[in-house]
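Engineer: Compute the structure for the input listed below.
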Amino acid sequence: MSTEVGSPVAGLTTALSDVPDPVFSQAMVGPGLAVKPTGGAGDVVAPVAGEVVTLHPHAFVIAASAGGAVLVHLGIDTVKLKGEGFTLHVEKGDAVEAGQKIITWNPTEVESQGYASICPVVALEAPAESLSDLREDTQVLAGDLLFNLDA
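Structural biologist: Okay, here's the model as predicted:
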């Protein structure tokens, strides 16, 4: 069974290897893509339908209804912002639909504080070959397909 994984933000897709953090660039937590956000303040949406199993202001994990789990990380080292500039719209344990608003943030503000705003979207602990149709170097809107995950 395959799960379509959508982009949590609008921006330009890029390889995980371009993320300035070895945990993501070396795919230590799993394969995926990253999105370089375009524009200022905006909503971050669920990449898949499922249950919110981890929720922080700067990152969240959704266990997909069809299997697998997807991590979205908003920027790099943004945990150091201690939630400032991030507004949560769901709670841990909530069932969400793909495209549902999860967090509101401002990538421009994150960058102005010296952090990268790039957003890794990772299929947690999945084998690289379980991903297909990766859309690298493509301009996407929030909700547009990033890749398929075969659970």
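Engineer: need the helices for the chain, in chain order.
Structural biologist: 22-25, 107-112 (DSSP state H).
Engineer: packing partners for the longest one?
Structural biologist: Under the contact definition 3 or more C-beta pairs under 8 Å, 6 or more residues apart in numbering; DSSP states H and E, helix 107-112 sits against no other helix or strand. C-beta here means a position set from N, CA and C on the backbone, and glycine is covered the same way.
Engineer: from what I can see residue 28 touches residue 19, true?
Structural biologist: No. Counting by C-beta atoms under 8 Å, residue 28 does not reach residue 19; the two are 11.1 Å apart.
Engineer: The two - which one has more neighbours?
Structural biologist: Taking other C-beta atoms under 10 Å, residue 28 and residue 19 do not tie; residue 19 has more neighbours (24 against 10).
Engineer: contacting residues around that one?
Structural biologist: The contact partners of residue 19, by C-beta atoms under 8 Å, 6 or more residues apart in numbering, come to 25, 34, 76, 116, 118, 120.
Engineer: Can I get the buried part of these as one ChimeraX selection?
Structural biologist: Buried residues within the contacts of residue 19, by 16 or more other C-beta atoms under 10 Å, are selected in ChimeraX with:
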select :34,76,116,118,120
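Engineer: Check the contacts of residue 19 against residue 103 and report the nearest one.
Structural biologist: residue 120 (14.7 Å; C-beta to C-beta).
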